[in-house]
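Asker: predicted model follows, preceded by the sequence.
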Amino acid sequence: MIMFSIRRCYLMEKTKAYTYAILLGTIPWIAYVVISPFFNKAEPLILGMPPLMFWNTLWLILTSLCLYGAYKFELGGGLLE
Amino acid sequence: MDYLSSATVPLLLVLGWVLLSLIVGVMAGIKRKFTLEGYLVSGRGLGLIFLYVLMAGEIYSAYAFLGTGGWAYSYGMPIMYAIGYGALAYSFGYFYARYVWKAGKAFGCVTQADYFQVRYNSKTLAVIVALIGIIFNIPYLQLQLQGLGYIVNVGSLGSISTRAGIIIGMVIMMIYVYTSGLRGISWTNLLQATLMFIVAWAVLFAIPFKQFGGISELFKTLAQTKPDHLILHPPMGIAWYVSTLILSGLGFFMYPQMYPSIYGARDLKTLKRNYVLLPIYSIFMIPVILAGFTVAALGLKLGAPDEAVLKAVEITYPSWVLGIVGAAGFAAAASTASAILLSLAGLLSKNLYTIVKPNASDKELVIASRASVVILGTLAMLLALYTPGRLVSLLLLAYAGMTQMFPAAVFGLFWKRMNKYAAGAGMIAGLITITYLRLVLKTNPLGIHFGLWGVLVNVIVTVVVALVTKPEEEIFQKFKEAVVSL
C-alpha cells in the first residue's frame, strides 16, 4: 500500500513536470502562429529589420530558451532516464 | 587562357572540398563490420555533436542557399515562413522524438516505416508508409542533385559543367554512404554543417554592409525600389503564411530521413539537448535571406530567382570567393541528399525487400541496404541528368504528402481506438485531397495551403474510421507500456 502511494506520488511528479515542459513548448507556436502576423508592417525597422523579420529571428533564440526550460523540467522530473 | 587561370582557384576549392568529404566519409566506416543497426542508425550511439551536425546538415539543403535567397529576391517577406517553421518543428520534435527514440530502442526500429509497424502491428501499413516515402523523396533527391550540379557549376566559374557536377556529387555520396552508412554521414556532416555556417556568416552576412552600408539602409532602399517586398500580401498573405507555418511545422518530422537520426541518438538527454540547440543553427538563414533582398533592392534582373545568392556574391566579392560558396552549396546539398539516400535505402531493404524474403538475416539486410543505396542513387542521378523537371508535380505534392502521416503518427500515441484501418484510410484520404487540390483544382481554397486542407480531411476520416472499426487495444497497450508511459 505504501509502495503503491509512493509510486503514485512519483508518477504525479512526472506528469506535472511533463505538463510544464509541454506548456513551454507551446509558447513558440503562439509566438509564430498567433502573434507574428500582427508584425506584418513595413515600419518601423527594428535593428535594421522589418518588424516581421525581427520578430521571427528573435524567436529563434527564444525558442531555444523555451526548450531549455522544458529540458530542465523534464530533467528535474526524472523523465530523461 | 585568362579565363582558365581565373577559374583555377575556385575549381580547386570546390574539388578539394569534395575530395575531403569523400576521404572523411570513407574513413568513418572503412574498417568496420556493420550490423543493420550499425549501418542504418549508427548503432544508436551518436553523441551531441555528431547528432547536431547530422540533423542541422540534413535539414538545410541546397534549397536553403538557392531557394531561400530566391524567394527573398522575388517575393520578399513571405520567406519569413522558412524562419518560423524550423522553430515550430523543433518545439514539436522536442516532444515527438522521445516516442520515436523509445520505440526504436524497445522494438529495434531502424526506419520510419518500422515505427508505424510496431504501433499498428501491420506490415501493409509499413509498406504504404515506405512507398509514400520513396515515391515522394526520389524527386526530392533528384532536385538536390540538380541544385548541387548548378551551384558547383557557378562556383567553379563554369569549369565543371552542371552534368559533371551531378555525376561527381552523386558518385562521391554513393561511395561514402555505401561504405560507412549513417556513421559516414554524421562525420561528413560535421564538415558540411560547419562550412555552411561559416559561409553564411563570414561571406553572406557582409553583403548588405558592403553594398548599402548596413541592414537598415538595405531595407530603406528596398522600401523605395520594391515596397511590396516588406509585407505579406495575397496571394501569399496572412492566411497563406499562417497555414504554411502550421503545415510545415507539423510535416517536418514526417520525412523518412528524420527517423534514423532520432534512432541514432545515444540517450534521451542527448536527443533533447540537440533540439534545444537546433533553433540557434537556423539563424544562418538570415544572411542568406539578406543576400536575396540585396539583389532585389539593387533592382537587378535575374534569369532565374535561384541565382540570387550567387549573384549577390558575384557583385560583392572577387571571383574566387564563388569557389567557397560553390563548396558550401555542395555541402548543403550533399549533407541532405546523403541522409535521404540512406533513409530510402533503409525503407527499400528493411520494409520492402523483406516482403520477398521474410527470413533475411541481418547480414543479408546490410547487403540489401548497400545495394539499395546504389540502386536509388543511380536512379536519382539518371533522373537528374535526363529528365530534369519531369517530376515537378510530385515535388509540389511532397511536403503536403509527407504531412499526411501526421495523424497516424501522433493520434496513435494517445488514443486507444486508433488502429491500422484508421491510420491507412486517413493517409490515403489526405493524399487524394491534396492531389485533387494541387493538380486538378490548382488553387488554395480561402488562401489556406492545400496541404492543410489535406490534413483536415485526413483527420476527419481517421477519427470516423477509428470510431466505427474495432479497436485493437492489446497492440496499443503493448506500445504504450514500452513507448508512451513516462
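Answerer: Yep, it's here.
Asker: let me see the contact set for the closest residue to chain B within chain A.
Answerer: As assessed by Cβ to the nearest Cβ, chain B sits closest to residue A:48 within chain A, at 3.2 Å. Where you see a C-beta, it was placed from the backbone N, CA and C, and this is true even at glycine. By Cβ atoms under 8 Å, 6 or more residues apart in numbering or on different chains, the residues touching residue A:48 are B:214, B:215, B:216, B:217, B:218, B:219.
Asker: any of those buried? List them.
Answerer: The neighbour count (16 or more other Cβ atoms under 10 Å in any protein chain shown) marks B:215, B:217, B:218, B:219 as buried among those.
Asker: what about the residues you listed, which are in helices?
Answerer: Under the assignment DSSP state H, the buried ones among the contacts of residue A:48 contribute B:215, B:217, B:218, B:219 to helices.
Asker: what's the closest of the residues you listed to chain A?
Answerer: Of those, the one sitting nearest to chain A (Cβ to the nearest Cβ) turns out to be residue B:215, at 3.2 Å.
Asker: out of the buried ones among the contacts of residue A:48, which touch chain A?
Answerer: Residues of those in contact with chain A (Cβ under 8 Å from any Cβ of the partner chain): B:215, B:217, B:218, B:219.
Asker: of these, closest to residue B:162?
Answerer: When those are compared for distance to residue B:162 (Cβ to Cβ), residue B:218 wins out at 30.9 Å.
Asker: so residue B:384 makes contact with residue B:150?
Answerer: No - with contact defined as Cβ atoms under 8 Å, residue B:384 does not count as touching residue B:150 (10.4 Å).
Asker: between those two, which one's more packed in?
Answerer: Legend: neighbour count by other Cβ atoms under 10 Å in any protein chain shown for residue B:384 and residue B:150, higher for residue B:384 (26 against 22).
Asker: what are the buried residues along stretch B:47-67?
Answerer: B:50-67.
Asker: over to stretch B:392-408?
Answerer: B:394-408.
Asker: residues contacting residue B:107?
Answerer: B:114, B:118, B:482.
Asker: can you do 10 Å?
Answerer: B:114, B:115, B:117, B:118, B:119, B:478, B:479, B:482, B:483 (Cβ atoms under 10 Å, 6 or more residues apart in numbering or on different chains).
Asker: now do the helices in the stretch 101-250 of chain B.
Answerer: B:112-120, B:123-155, B:162-198, B:207-212, B:215-225, B:238-251 (DSSP state H, counting those that start in this stretch).
Asker: let's have those in TSV, adding mean pLDDT and distance to residue B:430.
Answerer: Output for these, formatted as TSV (pLDDT from 0 to 100; distance: least, Cβ to Cβ, whole Å):
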stretch	mean pLDDT	distance to residue B:430
helix B:112-120	94	15
helix B:123-155	91	10
helix B:162-198	94	30
helix B:207-212	96	41
helix B:215-225	94	39
helix B:238-251	91	11
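Asker: highest mean neighbour count out of these?
Answerer: Ranked by mean neighbour count, those are led by helix B:112-120 with a mean of 26 (mean count of other Cβ atoms under 10 Å in any protein chain shown).
Asker: need the CA coordinates for that helix. CSV is fine.
Answerer: Provided in CSV are the C-alpha atoms of helix B:112-120 (Å, rounded to 0.1, in the frame of the first residue of the first chain):
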residue,chain,number,x,y,z
GLN,B,112,10.3,5.4,-40.5
ALA,B,113,8.0,2.5,-41.6
ASP,B,114,9.3,0.4,-38.7
TYR,B,115,7.8,2.9,-36.3
PHE,B,116,4.3,2.6,-37.9
GLN,B,117,4.7,-1.1,-38.0
VAL,B,118,5.3,-1.5,-34.3
ARG,B,119,2.5,0.9,-33.3
TYR,B,120,-0.1,-0.6,-35.6
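Asker: chain neighbours aside, what residue packs nearest to residue B:14?
Answerer: Counting by Cβ to Cβ, 6 or more residues apart in numbering or on different chains, residue B:14 lies nearest to residue B:326, which is 4.5 Å off, once chain neighbours are set aside.
Asker: surely the one you found meets residue B:162?
Answerer: No - with contacts counted by Cβ atoms under 10 Å, residue B:326 stays clear of residue B:162, the gap being 11.9 Å.
Asker: so who does the closest residue to chain A within the stretch 351-486 of chain B touch?
Answerer: Distances between the stretch 351-486 of chain B and chain A by Cβ to the nearest Cβ are smallest at residue B:486, namely 4.5 Å. Residue B:486 makes contact with A:10, A:11, A:13, A:14, A:15, A:17, A:18, A:74, A:77, A:78, A:79, B:98, according to Cβ under 10 Å, 6+ apart.
Asker: and for the fifth one, nearest residue in space, chain neighbours not counted?
Answerer: Translated: residue A:15. In space, residue A:15 is closest to residue B:486, 6.7 Å off (Cβ to Cβ, 6+ apart).
Asker: please apply the same query to the third one.
Answerer: In space, not counting the residues next to it along the chain, residue A:13 is nearest to residue A:77; the distance is 5.8 Å by Cβ to Cβ, 6+ apart.
Asker: distance of the nearest residue to residue B:123 once chain neighbours are set aside relative to residue B:371?
Answerer: Closest residue in space to residue B:123, ignoring its immediate chain neighbours: residue B:117 at 6.6 Å, by Cβ to Cβ, 6+ apart. For residue B:117, the distance to residue B:371 (Cβ to Cβ, to the nearest Å) stands at 22 Å.
Asker: any residues of the stretch 351-486 of chain B in contact with chain A? List them.
Answerer: B:485, B:486 (Cβ under 10 Å from any Cβ of the partner chain).
Asker: residue B:478 reaches residue B:416, doesn't it?
Answerer: No - applying Cβ under 10 Å, one finds residue B:478 not in contact with residue B:416, separated by 11.6 Å.
Asker: the lowest-mean-pLDDT helix or strand in chain B to helix B:238-251, inter-axis angle?
Answerer: Sorting the helices and strands of chain B by mean pLDDT, DSSP states H and E puts helix B:392-403 at the bottom, at a mean of 81. On the basis of axes from the mean of the first three to the mean of the last three Cα atoms, to 10 degrees, helix B:392-403 is oriented at 70 degrees to helix B:238-251.
Asker: and the angle for the helix or strand following helix B:392-403 with helix B:112-120?
Answerer: Under the assignment DSSP states H and E, the closest C-terminal helix or strand after helix B:392-403 is helix B:406-414. Interaxial angle of helix B:406-414 relative to helix B:112-120 (the same axes, to 10 degrees): 40 degrees.
Asker: distance to residue A:42 for the helices of the stretch 101-250 of chain B - can I get that in CSV?
Answerer: Below are the helices of the stretch 101-250 of chain B laid out as CSV (distance: least, Cβ to Cβ, whole Å):
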stretch, distance to residue A:42
helix B:112-120, 42
helix B:123-155, 32
helix B:162-198, 30
helix B:207-212, 17
helix B:215-225, 6
helix B:238-251, 15
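Asker: low pLDDT regions in chain A?
Answerer: A:1-11 (pLDDT under 70).
Asker: 50 instead?
Answerer: By pLDDT under 50, chain A contains no weakly predicted segment.
Asker: secondary structure element holding the residue nearest to the spatial centre of it?
Answerer: Ranked by distance to the mean C-alpha position of chain A (Cα atoms, centre = their mean), the top residue is residue A:24 at 2.5 Å. Assigned by DSSP H and E, residue A:24 belongs to helix A:2-29.
Asker: skip ahead from that helix and say which helix or strand is next.
Answerer: That would be, after helix A:2-29 and using DSSP H and E, helix A:51-76.
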